[in-house]
Each structure stands twice: as C-alpha cells, then as structure tokens.
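Engineer: give me coordinates for this.
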Amino acid sequence: MNMNMRKSFWAFTAAALVAFACDSTKKESNENTEAVDSTAVSEVTEEESTAPNSLSAAEQEEGWKLLFDGTSTDGWRGYMSEEFPSDWKVEDGTLYMSASGRGEAGSENGGDILYDEKYGNFHLKVDWKISEGGNSGIFYLGQESDKYDYIWKTAPEMQVLDNEKHPDAMLGTDGNRKAGSLYDLYPAKPASAVNPVGEWNTAEVISYNGTVVHKLNGETVVEYHLWTPQWKEDVAKSKFPELNENWAEVAKEGYIGLQDHGDDVWFRNIKIKQL
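Structural biologist: Next up is the predicted model:
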C-alpha cells in the first residue's frame, strides 16, 4: 500500500469511528429519553388512578361506585333525618367532623350520617384519619328505627380509633375495641396493621351471604360469620343485648354509616362494589 493509500485508509477509518461513536451516543441519549418519558407516563398514570375520590378505569369496569366525590354531600343524610347535619363539613376533599368533646353524644348539630341506599353483599372501601385520642366508626348493614337513637344499636361497626391514647383500646376483651376490630366483638389482628394518628388508613369491609371480612391497609384483620350459633353466642357475651335484645339478628341488607363520636375525624375515597 503506497503512502497516499495508507493516508486515505486511516482517514476513512477515523471518520467511521467518529460516526459510530456519535451514532452510539445519540442512540443512548434517545434510549434514556424514552426511559424518562416512559417513567413519566407511568407516574402520571399511577397518579391519575389513585387520585382521591375518583375511580380508575379498572374500578369502573369492575362496577365500583363512588359514595363521596370530594366536593358535595350528595346521597348522605343524618340518621333518622332527611337533612345532612350542619356540623359535618366537606373540607379539602374529605368528609370531616370537628371535635365537640361530647363523646358518644356527638356534636350538637352533628350525629351519625349514612348513605341513603341499602347494601347487602358488597365490598366497601373507606380511607380514614383520626385525631389524637379520637374515636369514630364505620357502620354497615345498619337500620333506622324509632326505637333506637343511634345506628350502632342496629349495625356492626368497624372501629376507628387512636389505639395509643383513647381508653377504648384498653377496654373490651382481647383488644376488640381497637382500630379495625368489629367493635366489642372480634379484635383486629394484627393490631399493628393500623397507621399512626395523623396518617391515612384504608379500611375495607367485605360482606357476602353472612361472611364478613375486615381489612386494614391491605391486611385481613377480622373474619366472622353472621347468624351462626357461634355468632349468637359471641353477641350474647357483648354489651349489645343490653342495647337491643335482637342485635344478633343483623339485617341482610342495610345502610353504610359514619360515626360522630365527638372527635375530629376525616373520611375520603368512599367507594362500594355490589357482589
């Protein structure tokens, strides 16, 4: 190979290497950009699917229904009332009850509220947050009757509680008044499934032909069976027969309710699917 050919060969080789390097850098840059774009799309999709008080496309297809849209009290009213209690507020996308310090008596213009539609077989989801030392509850299969001044005299209750500060956590039997429990009957286990005061918790109640499951933050914490001999025996040992002698005969369908127990409590993402 003469000198001129050798110079041309090395010049061509150098140019090819530079072109290859540039192409590789460009390809790597494009791949990184695509990865970032993909991540961004994924994050947006995830954010949209978990936005408070909304249903994802999958939930809509599965038949979920929002019971609270974050802006209005449509569908909600007071227990034994046609009106929505004025002490309950829609605040920052939540159903909020402010503390009255009156305990079970609740607020003067508050009281327990319910969604004005009865459900039998269902899967309910509710996010809740309680104040320090606070107490509240989520009712299901509830009934209205002139004989009873509170919905909890007719309905099972999933307890909402500050387990660290409220005395109810130390009362009852085996922790059956702690957060997530079927109040005064079956304790939530593990009790550690609850998040600390000030943090949101996701409660779920699944009711199907008498089998009832409580879930708290994704963990199953209670399972029981309505109307069975064991159920009637357990109810007989609780405080409920003193309040309603027929309490064990829980209805096959009833109202979803939220409790005013005189403490600050917030609810959001209330949704239900009929089974």
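Engineer: surely Val235 is in a helix?
Structural biologist: Yes. Under DSSP: H, G, I helix; E, B strand; the rest coil, Val235 falls within a helix.
Engineer: let me see the contact set for it.
Structural biologist: Applying Cβ atoms under 8 Å, 6 or more residues apart in numbering to Val235 gives the contacts Leu185, Pro241, Trp247, Ala248. C-beta here means a position set from N, CA and C on the backbone, and glycine is covered the same way.
Engineer: which parts of the stretch 151-275 of the chain are helices?
Structural biologist: 229-236, 240-243 (DSSP state H, counting those that start in this stretch).
Engineer: can you tell which of those helices is closest to Ala155?
Structural biologist: Nearest of the helices of the stretch 151-275 of the chain to Ala155, taken as Cβ to Cβ: helix 240-243 at 10.3 Å.
Engineer: mind listing the strands for the stretch 101-250 of the chain?
Structural biologist: 113-115, 122-130, 135-142, 157-161, 201-208, 211-216, 219-225 (DSSP state E, counting those that start in this stretch).
Engineer: most packed of the ones you listed?
Structural biologist: Of all the strands of the stretch 101-250 of the chain, strand 157-161 carries the top mean neighbour count, a mean of 26, counting by mean count of other Cβ atoms under 10 Å.
Engineer: related to what we said a few turns ago, just send the strands of the stretch 101-250 of the chain back as TSV, with mean pLDDT too.
Structural biologist: Formatted as TSV, those follow (pLDDT from 0 to 100):
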stretch	mean pLDDT
strand 113-115	98
strand 122-130	98
strand 135-142	97
strand 157-161	98
strand 201-208	98
strand 211-216	98
strand 219-225	98
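Engineer: those strands: which one's closest to Asp264?
Structural biologist: Among these, if distance is taken as Cβ to Cβ, the winner is strand 122-130, at 7.5 Å.
Engineer: note down every partner strand of the closest one and its orientation.
Structural biologist: If you go by DSSP bridges, strand 122-130 pairs up with strand 201-208 (antiparallel), strand 265-274 (antiparallel).
Engineer: count of neighbours near Asp146?
Structural biologist: 6 (other Cβ atoms under 10 Å).
Engineer: look up the closest residue to it, ignoring the ones flanking it.
Structural biologist: Excluding the flanking residues, the one nearest Asp146 by Cβ to Cβ, 6 or more residues apart in numbering is Met80, at 7.6 Å.
Engineer: alright, calling it a day.
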